[in-house]
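Visitor: model the following, please.
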Amino acid sequence: FLCYAALSGLLEQYLLREKLVLILGNGLSLLGEEMRADGYLNICAIDYSRVCTERMRVQQNSSDDNLGTAPVDYQLGDVTNMQYQSDSVASVLDKATLDTMYNADENLVNVHLMLSEVHRVLVPGGKYVVISYGDPQDRLPELLDSSKGYSWSLVGQKEIKKNKASFHMFVLQKPRQDVSDREKQLSLRLE
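Guide: Model prediction:
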């Protein structure tokens, strides 16, 4: 898959170095540590695998290169039921977790649960950055399905080539003010 070096310039356009970046489905990836070494200050990486989460914690604690910087916060977690408050995460980074959910979920129930959770935890104006091997015609209809309650919009899209493979980056931004809040304000003005 794509390493941080291949993604860093693209991620820099959309992620804020000083705000919380939540990495979904981290597995054994060093992405968070590479981002931290590149100046991202607040990174949390969640995965449902206790083995992977513990291994990453141990690996990080045994490393000498994290002195003087905040470590990556590796947490055991379920992307379909996150333990974050609503409107609390500045950016969510998904490097193939959506693809994994698509492959494991024939009727897309867990895909929609995950997307709903991402939408819920993002702050107004927050960004969801998806790195996927799925083609835009396969991924975008689900990502942009407003009937599921997602009010975000597509603010960036890029094809990334590596060797003979093509990957796609989709950047979705939650509105600065949630649509339901706007509707409440409009109804109050009309009363």
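Visitor: how far away is Y14 from Y40?
Guide: 12 Å (CB to CB, to the nearest Å). Backbone N, C-alpha and C define where each C-beta goes, glycine included.
Visitor: ok, these two, which is more surrounded?
Guide: Neighbours were tallied for Y14 and for Y40 using other CB atoms under 10 Å; the higher tally belongs to Y40 (24 against 17).
Visitor: sec struct for the more buried one, please.
Guide: Three-state assignment for Y40 (DSSP: H, G, I helix; E, B strand; the rest coil): coil.
Visitor: find the nearest non-adjacent residue to it, please.
Guide: R17 (5.0 Å; CB to CB, 6 or more residues apart in numbering).
Visitor: which strand or helix spans that neighbour?
Guide: Taking DSSP states H and E as the definition, one finds R17 inside no helix or strand.
Visitor: which secondary element of this protein has the worst mean pLDDT?
Guide: The helix or strand of the chain with the poorest confidence is helix 179-190; it has a mean of 54 (mean pLDDT, DSSP states H and E).
Visitor: what comes up buried for stretch 8-22?
Guide: Buried residues in stretch 8-22, counted by 16 or more other CB atoms under 10 Å: L10, L11, Y14, L15, L20, V21, L22.
Visitor: list the buried residues of stretch 119-127.
Guide: Neighbour-count burial for stretch 119-127 [16+ other CB under 10 Å]: H119, R120, V121, L122, V123, G126, K127.
Visitor: sorry, slip of the keys, the one I care about is stretch 45-58.
Guide: Buried residues in stretch 45-58 (16+ other CB under 10 Å): A45, I46, D47, C52, T53, M56, R57.
Visitor: switch those over to JSON lines; also include pLDDT and distance to S151.
Guide: Formatted as JSON lines, these follow (pLDDT from 0 to 100; distance: CB to CB, whole Å):
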{"residue": "A45", "pLDDT": "97", "distance to S151": "26"}
{"residue": "I46", "pLDDT": "97", "distance to S151": "23"}
{"residue": "D47", "pLDDT": "96", "distance to S151": "27"}
{"residue": "C52", "pLDDT": "94", "distance to S151": "32"}
{"residue": "T53", "pLDDT": "95", "distance to S151": "31"}
{"residue": "M56", "pLDDT": "94", "distance to S151": "33"}
{"residue": "R57", "pLDDT": "91", "distance to S151": "35"}
